[in-house]
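In: The following comprises the amino acid sequence and a computationally predicted model.
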Protein chains: 2
Amino acid sequence: MALIVMKFGGTSMAGIERIRGVAARVQREVAAGNQVAVVVSAMAGETDRLVGFCREASPLADPAEYDVVVAAGEQVTSGLLAIALQSLGLKARSWLGWQLPIHTSDAHGKARIGTIDADRLRAAMAGGEVAVIPGFQGLADDGRVTTLGRGGSDTSAVAVAAALKADRCDIYTDVEGVFTTDPRIVPRARKLAKISYEEMLELASVGAKVLQTRSVELAMKEKVRVQVLSSFSDAPGTMVVDEDEVLEQELIAGVAYDRNEAKVTLVSVPDKPGVVATIFGPLADGNVNVDMIVQNIAKDGATTDVTFTVPRTELARAKAILEKAHDEIRYERLVTDDSVAKISVVGVGMRSHAGVAVTMFRALADRGINIQAITTSEIKVSVIIAEEYLELAVRVLHTAYGLDAAA
Amino acid sequence: MALIVMKFGGTSMAGIERIRGVAARVQREVAAGNQVAVVVSAMAGETDRLVGFCREASPLADPAEYDVVVAAGEQVTSGLLAIALQSLGLKARSWLGWQLPIHTSDAHGKARIGTIDADRLRAAMAGGEVAVIPGFQGLADDGRVTTLGRGGSDTSAVAVAAALKADRCDIYTDVEGVFTTDPRIVPRARKLAKISYEEMLELASVGAKVLQTRSVELAMKEKVRVQVLSSFSDAPGTMVVDEDEVLEQELIAGVAYDRNEAKVTLVSVPDKPGVVATIFGPLADGNVNVDMIVQNIAKDGATTDVTFTVPRTELARAKAILEKAHDEIRYERLVTDDSVAKISVVGVGMRSHAGVAVTMFRALADRGINIQAITTSEIKVSVIIAEEYLELAVRVLHTAYGLDAAA
């Protein structure tokens, strides 16, 4: 017998028929002798509807009241799932964020989970009752409702699993697990049986949006074994676990990409101490997220070129800020390019293997794909290329690292 | 400076534009120097949507979970109104049922309000903050969410007004107040400036659905001065107050009617002790609401006819129950008529005046309208007539009691 937490997203909760499907899945786990807590999202579209009301009421809606409004979405689905479970003959009840409670910081709209009082929950579950918990919501110390920000239900599920010391936290999504790359680009992409927390984090941060980043960080910190699997199939999913548990250690776990990139180059910036601060200080103040930064060595002993990437949606803002700061930075020209993409290979195996980057550079060079910028971390190598080569590059790298499924 | 409670129903809260209108009304009261608490319903249609989800999930939905689901509707509007008030520059916050808390019984779906902890509320209001309170919801002693049943927001408002010792409880509706009768039938019906609690109760119970009956009972018990007025006009409404305050005491306050009536007659029932119990016992067990009961004297010393009315929607059930109980009751024939209507004249003044009933009987007889049954209470006389005469009878009585407005 195991204690498991199951989490279902908005697509799985969209309407009573689907909620019944969720109840049937929960029933199977109970029938298998498991103790089960379920964390649910609002019905697909409902959070957007509620957020829309708040914005319409005031573009600067009070975050504390915003939380009161949007938390209602998960309250509804948690009650409905409890009803659906009961109609299958199971014992079940909902536990709202303030009832457990799930203590959070008071940063309304983006609160962080603190402690969860799980004693009553554990007692109820030990008595054979399925606990249904609305994701995304909690209670601040002043007794007011908080929410965790979009996608926060994954984090709620992991936090509940940690508090319950659950054997597993199953996150049901609309994909069957974590793949070596996007199957829409590479038909021979493989579903991974296991992946480490670190790899999952790197994949999430480069655009493979299967799990919310914070939930993976929390799982890693609390050593919660997370499974990503599909609500719409019975196939086993991908286990996200500690590195030690990833038995068949692959060199590379996957190839990720991100189209939401734009490149900015400041040509002929004076090469002297403090100049980088004059560039990135104003960008940070303007809330522009700078990603990769490449600074070449001085060309002529006096000036250098600085290249960096920003999310494509922030390019116009970045440009305006840099143009305004021209007299301070004293660059010669500002060149931007919004048709670039980032490709990353990720794998804990590369820590102990030289040559991972070399394989990447050669494979791309063989196809005439020019690399415009490079960054590396302990378990990731990322490059910027022209966006038109994106699909080709992903396929080439997937093959180069031996990730293709057997034909 | 006064302390007032304002209550807005679902039509007034239907969408952000209307919520803004509500906020503007609240602002006017604050600008006039009043301390204000606002009790709100869910957006029109929202409670039906949520109830629909529960029924679809299970026809026998757990009332405790049903309450979790449907309470979300008022939670949303209370947050949205707080946001709208803030955007007008007012201080405002929502106080959910569990936050005050509004203590109720644990009869989920039809809980009764017990005490309300109003200390924090009073302190916040004294500090110039508008308190926004979702109607219809509360907290049971076991810490679970309760709701009061449909229309419960009126009761919430009166209970909050009682707890705050408010000077007035303004109930905003889609009518301009309480009228001497239905203006659609009698164009010369007059809006009453004042009406007593007792009269309001009798009018509510015979189908003039302006206020929920329980809210009037509570107002009478707690001596809360209630005003019924329109959200869509600036005209003063009707004050529902203690009898002593109704200065220009009219003989009759109004003429009410109810089309939802059906008549049942059991012909030739044995006239002996206990027979009435054999009729109404099974009906009560079957949850049929019996209204007027008329038992004639024995016709032949051995049998009698028993006539009573039930809501039209319950006639089929009543008939089935009585047919099943035939051998026990031993009636000769069962006759039903679902084309009858009830007309009532109501007024505290009739206590001290004989002849009110006589005026009624004469006025109806003059137009050839046959009275099929009569009941009286201290401040009400009701008759059953054929439904086809309903409009005529209402007009005749309105004139006979001198209620017509000056032409």
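Out: Thanks, I have it. Numbers count the residues shown, from 1 in each chain, chains lettered A, B, ... in the order given.

In: what packs against the least confident helix or strand in chain A by mean pLDDT?
Out: When each helix and strand of chain A is scored by mean pLDDT, DSSP states H and E, strand A:293-295 comes last, with a mean of 83. When contacts are defined as 3 or more CB pairs under 8 Å, 6 or more residues apart in numbering or on different chains; DSSP states H and E, strand A:293-295 packs onto strand A:303-311, strand A:373-377. Every C-beta, even on glycine, is put in place using the N, C-alpha and C of the backbone.

In: Enumerate the positions of that strand that are buried.
Out: A:294-295 (16 or more other CB atoms under 10 Å in any protein chain shown).

In: re earlier: export the helices and strands packed on strand A:293-295 to CSV and tack on mean neighbour count, distance to B:V39 and mean pLDDT?
Out: Shown next, in CSV, are the helices and strands packed on strand A:293-295 (neighbours: other CB atoms under 10 Å in any protein chain shown; distance: least, CB to CB, whole Å; pLDDT from 0 to 100):
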stretch, mean neighbour count, distance to B:V39, mean pLDDT
strand A:303-311, 21, 45, 90
strand A:373-377, 15, 56, 85
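
In: Alpha carbons of the host helix or strand of A:V39, as CSV, please.
Out: Element membership for A:V39 (DSSP states H and E) is strand A:35-40. Extracted in CSV, the C-alpha atoms of strand A:35-40 (Å, rounded to 0.1, in the frame of the first residue of the first chain):
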residue,chain,number,x,y,z
GLN,A,35,-4.2,6.1,0.2
VAL,A,36,-4.9,9.0,-2.2
ALA,A,37,-4.9,12.8,-2.0
VAL,A,38,-6.0,14.6,-5.2
VAL,A,39,-5.0,18.2,-6.1
VAL,A,40,-7.1,19.9,-8.8
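
In: ok now whichever helix or strand comes after that strand, how far from the chain's centre?
Out: Where DSSP H and E defines the elements, the next helix or strand beyond strand A:35-40 is helix A:46-57. Put simply, helix A:46-57 sits 23 Å off its chain's centre (CA atoms, centre = their mean, to the nearest Å).

In: re the thing from before, show residues contacting the strand holding A:V39.
Out: A:1-8, A:13, A:22, A:26, A:29-30, A:74, A:77-78, A:81, A:121, A:125-126, A:130-135, A:153, A:156-157, A:160-161, A:164, A:166 (CB atoms under 8 Å, 6 or more residues apart in numbering or on different chains).

In: Just the buried ones from these, in ChimeraX syntax?
Out: Listed next is the ChimeraX selection for buried residues among these, using 16+ other CB under 10 Å:
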select /A:3,4,5,6,7,8,13,22,26,29,30,74,77,78,81,121,125,130,131,132,133,134,135,153,156,157,160,161,164,166
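
In: just the contacts of strand A:35-40 that are near chain B?
Out: A:S78 (CB under 8 Å from any CB of the partner chain).

In: quick one on the thing from earlier: how about CSV for the helices and strands packed on strand A:293-295, with distance to chain B added?
Out: What follows is the helices and strands packed on strand A:293-295, written out as CSV (distance: least, CB to the nearest CB, whole Å):
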stretch, distance to chain B
strand A:303-311, 29
strand A:373-377, 42
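
In: Mind checking these for the one nearest to B:I171?
Out: strand A:303-311 (51.2 Å; CB to CB).

In: give me the residue from the stretch 201-350 of chain A nearest chain B.
Out: Closest residue of the stretch 201-350 of chain A to chain B, CB to the nearest CB: A:S231 (17.4 Å).

In: follow-up on the earlier one: mind checking which of the contacts of strand A:35-40 land in strands?
Out: A:3-8, A:130-134 (DSSP state E).

In: who's in contact with the closest residue to chain B within the stretch 101-250 of chain A?
Out: The nearest approach of the stretch 101-250 of chain A to chain B comes at A:G143, 6.2 Å away (CB to the nearest CB). The contact partners of A:G143, by CB under 8 Å, 6+ apart, come to A:98, B:99.

In: What pLDDT is listed against it?
Out: On pLDDT, A:G143 comes in at 97.

In: Over to A:I384?
Out: 93.

In: Could you do the one 10 residues further on as well?
Out: In this prediction, A:V394 carries a pLDDT score of 96.

In: what's the answer for A:S205, then?
Out: pLDDT, read off for A:S205, is 64.

In: likewise A:G151?
Out: pLDDT at A:G151 comes out at 74.

In: Hmm, it is touching A:V210, no?
Out: No - here A:G151 does not reach A:V210: they are 11.0 Å apart, not a contact under CB atoms under 8 Å.

In: So which of those two has more stuff around it?
Out: The residue with more neighbours, out of A:G151 and A:V210, is A:V210; 21 against 17, by other CB atoms under 10 Å in any protein chain shown.

In: Can I take it that the more buried one is in a helix?
Out: No - judged by DSSP: H, G, I helix; E, B strand; the rest coil, A:V210 forms no part of a helix; its state is coil.

In: Looking at the helices and strands packed on strand A:293-295, which is nearest to B:E250?
Out: Closest among the helices and strands packed on strand A:293-295, using CB to CB: strand A:303-311, at 72.5 Å.

In: Can you list the neighbours in contact with that closest one?
Out: With CB under 8 Å, 6+ apart, strand A:303-311 has contacts from A:260-271, A:276, A:279-280, A:283, A:288-299, A:318, A:331-332, A:340, A:342, A:372-373, A:384.

In: Residue numbers of chain A in contact with chain B?
Out: A:16, A:19-20, A:50, A:53-54, A:56-58, A:60-62, A:64-69, A:71-73, A:75-76, A:78-80, A:82-84, A:86-87, A:93-94, A:96, A:98-99, A:143-145.

In: Which of the residues you listed fall in helices?
Out: Within the residues of chain A next to chain B, residues falling in helices by DSSP state H are A:16, A:19-20, A:50, A:53-54, A:56-57, A:64-69, A:72-73, A:75-76, A:78-80, A:82-84, A:86-87.

In: Can I get the buried part of those as one PyMOL selection?
Out: Of these, the buried ones go into a single PyMOL selection, burial set by 16+ other CB under 10 Å:
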select buried, chain A and resi 16+19+20+50+53+54+56+57+64+65+66+67+68+69+72+73+75+76+78+79+80+82+83+84+86+87
